[in-house]
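**Q** Build the 3D model from these lines:
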Amino acid sequence: MISPHLASKPHCQRWLESTVLLAIGDDVPPTVGPAFSVSPNSKILQTMAASLLLSHPLTLPCGLVFPNRLAKAAMTEQMADSEKLPTPGYFKNAYGAWADGGWGMLLTGNVQIDAKYLGGLADLALDSDLPRDKLLSAYKDLAQTCKRNGTPTIVQINHPGRQSPLGHGKRSIFAKSIAPSPVPLNLGSGLTDTLAAKIAFGTPREMTLEDIDHVVQRFVDAARLCVDAGFDGVQIHAAHGYLLTQFLSSRSNRRTDAYGGSAAARAKIVVDIAKAIRAAVPANFCVGLKLNSADHHDKHNEDSQSELEDCLEQAALIAAQGLDFVEISGGSYEDPLMMNGGRETVVEVSKSTAARESFFLDFAREMRKKLPNTILMVTGGFRSRAGMEAALEEGACDIVGIARPAVINPALPKNIIFNPALSGDEARVDAKRIHAPWIVKKLGPRSIGAGYESVSPKG
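**A** Numbering: from 1, shown residues only. Model prediction:
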């Protein structure tokens with residue numbers, strides 16, 4: 001959550017260094033290399049571009065070209081104004097810093113498709129009660145800031161479903177959130193956890209078929225707005241325990257109609273959304289997907305293996321609707337995988353060295369087998385040039401997503417990854433952590449797992 005007053009121009013750098021929301025405990029300060037200002041046509045950069053896969057351009061199926069493989073991942077920002085629109089000064093300073101940073105692609109924080117249902121009180125959201133011209137003007141301004149140096153920019157669109165706390169959104173304070181089935185969040189077995197779930201979230205209302213049609217249309221409307229505003233694409237958020245994830249999972253989806261039961265039926269709403277968006281936007285407009293990893297499954301557990309197979313089947317069905325890339329991340333309010341650095345995945349980078357890097361590469365490897373021609377982005381845990389490069393060389397992913405380190409160092413590509421003054425051992429970043437209030441320490445890890453990796457991957 002970005003504190004708005006820290007994002008004002010005089011405090012922009014302070015915000016970028018300190019707003020590592022809900023990261024609990026102490027950590028080593030981030031590694032920041034020497035300032036690097038070299039012409040894009042310099043021999044130094046040309047030599048580096050020839051030697052690093054990270055600096056190679058990537059062309060998506062829609063024709064959009066990322067100038068390199070580093071993406072600023074989506075994060076929870078909490079900087080919307082009272083109408084849930086981008087607050088001009090805050091967003092201009094934050095996204096202006098990233099726009100100048102040398103990223104291959106910028107992913108915005110999540111934009112809720114319906115202002116009735118928010119994940120956080122200061123979420124960006126599309127309010128159908130506002131004139132479309134007003135919405136369009138605000139998002140045009142944001143697009144211009146993001147793309148002022150030509151960086152491809154994609155808007156993440158989302159619906160929180162049952163992860164919308166009571167009182168969050170333009171619904172009455174007692175109105176329930178919505179979900180595929182009336183299954184409440186399980187924040188733990190302790191008394192405090194149970195009370196927190198009941199008080200903060202309650203039990204969601206099961207969606208009707210009309211509700212489902214409405215959600216599909218709201219996703220399409222959001223994509224059209226992004227086209228008109230000048231963005232390069234949208235990303236459908238089907239991860240981190242939000243509404244579309246709730247449909248995909250057999251744990252939260254207990255429907256017996258066309259939207260529940262088999263893995264394919266549970267994926268139907270996401271398939272319908274992807275198909276409808278692809279039909280409603282220009283052919284050169286990017287349509288991506290964010291999907292939860294299942295790499296935490298137990299290969300020796302039959303139920304867990306079935307969950308992995310379901311996830312891969314669903315990914316294939318959705319990708320077949322004309323997706324340009326699939327991002328793999330993980331966690332939810334119930335399963336905070338990204339808390340405190342998540343689980344370790346070892347990526348071999350030389351015979352004598354291994355980098356502790358992305359949390360989700362095991363699942364990415366499985367998805368690569370299932371979808372060999374799909375462009376994959378992995379977000380979560382990358383902290384070194386060597387680890388990022390190794391993941392690309394192996395073919396486990398095509399795009400590296402960076403979240404928390406991008407907050408600390410918005411020009412990370414220029415200052416560290418593509419900085420020839422830094423050796424391989426020096427070209428690394430660490431996500432600084434800050435102390436959090438006691439209430440955040442109690443509830444925060446749930447948020448981190450759902451994408452609050454400070455200002456967190458998530459959204």
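**Q** Identify all contacting residues around the lengthiest helix in the chain.
**A** Across the chain, the longest stretch assigned as helix under DSSP state H is helix 209-229. Residues from elsewhere that reach helix 209-229, judged by C-beta atoms under 8 Å, 6 or more residues apart in numbering: 111, 113-114, 126, 132, 135-136, 139-140, 142-143, 155, 157, 159, 178, 207, 233-234, 236, 243, 257, 259, 269, 272-273, 276-277, 280-282, 285, 287. Glycine gets a C-beta too; all of them are placed from N, C-alpha and C.
**Q** Whatever helix or strand comes next after that helix packs against which elements?
**A** Beyond helix 209-229 on the C-terminal side, the first helix or strand identified by DSSP states H and E is strand 233-238. Counting contacts by 3 or more C-beta pairs under 8 Å, 6 or more residues apart in numbering; DSSP states H and E, strand 233-238 packs against strand 153-158, helix 209-229, helix 243-248, helix 268-280, strand 286-292.
**Q** Mean neighbour count and distance to Gly89 for the ones you listed - can I get that in TSV?
**A** As requested, the helices and strands packed on strand 233-238 are exported to TSV (neighbours: other C-beta atoms under 10 Å; distance: least, C-beta to C-beta, whole Å):
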stretch	mean neighbour count	distance to Gly89
strand 153-158	27	19
helix 209-229	18	19
helix 243-248	27	31
helix 268-280	20	31
strand 286-292	26	28
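**Q** and the ones you listed as a markdown table, adding distance to Phe201?
**A** Shown next, in a markdown table, are the helices and strands packed on strand 233-238 (distance: least, C-beta to C-beta, whole Å):
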| stretch | distance to Phe201 |
| --- | --- |
| strand 153-158 | 17 |
| helix 209-229 | 18 |
| helix 243-248 | 12 |
| helix 268-280 | 21 |
| strand 286-292 | 19 |
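**Q** nearest to Pro413, of the ones you listed?
**A** strand 153-158 (15.0 Å; C-beta to C-beta).
**Q** chain center to the longest helix of the chain: distance?
**A** 19 Å (C-alpha atoms, centre = their mean, to the nearest Å).
**Q** and what of stretch 402-415?
**A** Centre-to-centre, stretch 402-415 and its host chain are 15 Å apart (C-alpha atoms, centre = their mean).
**Q** Output it as CSV, nothing but the C-alphas.
**A** Output of stretch 402-415 as CSV, limited to C-alpha atoms (Å, rounded to 0.1, in the frame of the first residue of the first chain):
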residue,chain,number,x,y,z
ILE,A,402,10.3,-7.9,-10.7
ALA,A,403,8.1,-6.4,-7.9
ARG,A,404,9.6,-5.2,-4.6
PRO,A,405,13.1,-4.5,-5.9
ALA,A,406,11.5,-2.2,-8.5
VAL,A,407,10.0,-0.1,-5.7
ILE,A,408,13.4,0.3,-4.0
ASN,A,409,15.2,0.9,-7.3
PRO,A,410,12.8,2.0,-10.1
ALA,A,411,15.7,2.2,-12.6
LEU,A,412,16.9,-1.3,-11.7
PRO,A,413,17.4,-2.4,-15.3
LYS,A,414,19.7,0.6,-16.0
ASN,A,415,21.4,0.8,-12.6
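**Q** I'd like the distance between Ser304 and Asp310.
**A** Between Ser304 and Asp310 the distance, using C-beta to C-beta, to the nearest Å, works out to 11 Å.
**Q** Kindly report the same for Trp103.
**A** Following C-beta to C-beta, the distance that separates Trp103 from Asp310 is 33 Å.
**Q** So the two - more neighbours on which side?
**A** More crowded of Trp103 and Asp310, by other C-beta atoms under 10 Å: Trp103, with 27 against 19.
**Q** sec struct for the more buried one, please.
**A** coil (DSSP: H, G, I helix; E, B strand; the rest coil).
**Q** So it sits against Ala71, correct?
**A** Yes. With contact defined as C-beta atoms under 8 Å, Trp103 reaches Ala71; the gap is 6.5 Å.
**Q** hey, what's in contact with both of those two?
**A** Common neighbours of Trp103 and Ala71, using C-beta under 8 Å, 6+ apart, do not exist here.
**Q** between the longest helix of the chain and helix 268-280, how many degrees?
**A** 30 degrees (axes from the mean of the first three to the mean of the last three C-alpha atoms, to 10 degrees).
**Q** CA atoms only: put helix 209-229 into PDB for me.
**A** Only the C-alpha atoms of helix 209-229 are listed here, as PDB (Å, rounded to 0.1, in the frame of the first residue of the first chain):
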ATOM      1  CA  LEU A 209     -25.700 -16.900 -13.800                       C
ATOM      2  CA  GLU A 210     -26.700 -13.200 -14.200                       C
ATOM      3  CA  ASP A 211     -23.900 -12.200 -11.900                       C
ATOM      4  CA  ILE A 212     -21.400 -14.300 -13.900                       C
ATOM      5  CA  ASP A 213     -22.500 -12.700 -17.200                       C
ATOM      6  CA  HIS A 214     -22.200  -9.300 -15.600                       C
ATOM      7  CA  VAL A 215     -18.600 -10.000 -14.500                       C
ATOM      8  CA  VAL A 216     -17.600 -11.200 -17.900                       C
ATOM      9  CA  GLN A 217     -19.000  -8.000 -19.500                       C
ATOM     10  CA  ARG A 218     -17.300  -5.800 -16.900                       C
ATOM     11  CA  PHE A 219     -13.900  -7.400 -17.800                       C
ATOM     12  CA  VAL A 220     -14.600  -6.700 -21.500                       C
ATOM     13  CA  ASP A 221     -15.600  -3.100 -20.800                       C
ATOM     14  CA  ALA A 222     -12.400  -2.600 -18.800                       C
ATOM     15  CA  ALA A 223     -10.300  -3.900 -21.700                       C
ATOM     16  CA  ARG A 224     -12.100  -1.600 -24.200                       C
ATOM     17  CA  LEU A 225     -11.400   1.400 -21.900                       C
ATOM     18  CA  CYS A 226      -7.700   0.500 -21.800                       C
ATOM     19  CA  VAL A 227      -7.700   0.300 -25.600                       C
ATOM     20  CA  ASP A 228      -9.200   3.800 -25.900                       C
ATOM     21  CA  ALA A 229      -6.900   5.200 -23.200                       C
END
